[in-house]
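**Q** return a 3D structure for these sequence lines:
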Amino acid sequence: MKKKKLLVVFPGIGYHCDKPLLYYGRKTAAEAGYDEVINIGYSCPVQNIRCDKEKMRQAFDALYAQAKESLSGVAFDEYADVIFMSKSIGTVIAAAFEKEYEIKGVRHVLYTPLAETIEVLNGEKNIDAIAFIGSDDPWSDVPKVVEMAKRQGIPMHLYEGVNHSLEGKNTLENIEILGKVMKKTKHFIEK
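**A** All right, here's what the predicted structure looks like:
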């Protein structure tokens, strides 16, 4: 009988695993019994990628290859539950990895997903995911991403006046938003 639970964390390019969303997301998962955690670490050889589709593709290819290498020895079918927690370009990598390797039963926590993430998941049946995005996210076409997620049946939580890190100018409000995001993350993880 499978009992172990696995959390795989896919960071963004400038948003490593110890930044608030992924740090507290990991702690929330640990409290829910995810006894094994893999933090993907990668380095991006491409600079200045925002709004440049070719550079974004080059960055994705490089990071995806590194993620595949990091996960090459993982027997996903040995786990009772697997969650992919991801941020920004990491959301695209997580979705593409699940699709390429046809991993059954993976659940996704998508922090500030890109349109490419939803495109990868397009057509997938029974996607088990939750997503979070800020209205002032300069890395996303926010209305497009929200609409795409809605069509895929992915609950998308939109936070007004915050950026790609789900942060605005007021520290106390940022902490409140982080708390709300973690409550929704916890509810999703524990279901």
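**Q** alpha carbons only for contacts and neighbour counts from here, please
**A** Will do.
**Q** in the helix or strand hosting residue 21, what's buried?
**A** Assigned by DSSP states H and E, residue 21 falls within helix 20-31. Residues of helix 20-31 classed as buried: 21-22, 24-26, 28-30 (neighbour count, 16 or more other Cα atoms under 10 Å).
**Q** mind putting those residues into JSON lines with distance to residue 149 and pLDDT?
**A** Supplementary listing: these in JSON lines, determined by distance: Cα to Cα, whole Å; pLDDT from 0 to 100:
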{"residue": "21", "distance to residue 149": "20", "pLDDT": "98"}
{"residue": "22", "distance to residue 149": "21", "pLDDT": "98"}
{"residue": "24", "distance to residue 149": "24", "pLDDT": "98"}
{"residue": "25", "distance to residue 149": "21", "pLDDT": "98"}
{"residue": "26", "distance to residue 149": "23", "pLDDT": "97"}
{"residue": "28", "distance to residue 149": "24", "pLDDT": "97"}
{"residue": "29", "distance to residue 149": "23", "pLDDT": "97"}
{"residue": "30", "distance to residue 149": "27", "pLDDT": "97"}
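**Q** what element comes up after the helix holding residue 21 heading to the C-terminus?
**A** Using DSSP H and E, the helix or strand that directly follows helix 20-31 along the chain is strand 36-39.
**Q** among the buried residues of helix 20-31, which one sits closest to residue 45?
**A** The closest of these to residue 45 turns out to be residue 22 (Cα to Cα; 22.3 Å).
**Q** centroid-nearest residue for this protein?
**A** In the chain, the C-alpha closest to the average C-alpha coordinate belongs to residue 86, at a distance of 2.1 Å (Cα atoms, centre = their mean).
**Q** ok, that residue to residue 169 distance?
**A** Distance, residue 86 to residue 169, by Cα to Cα, to the nearest Å: 24 Å.
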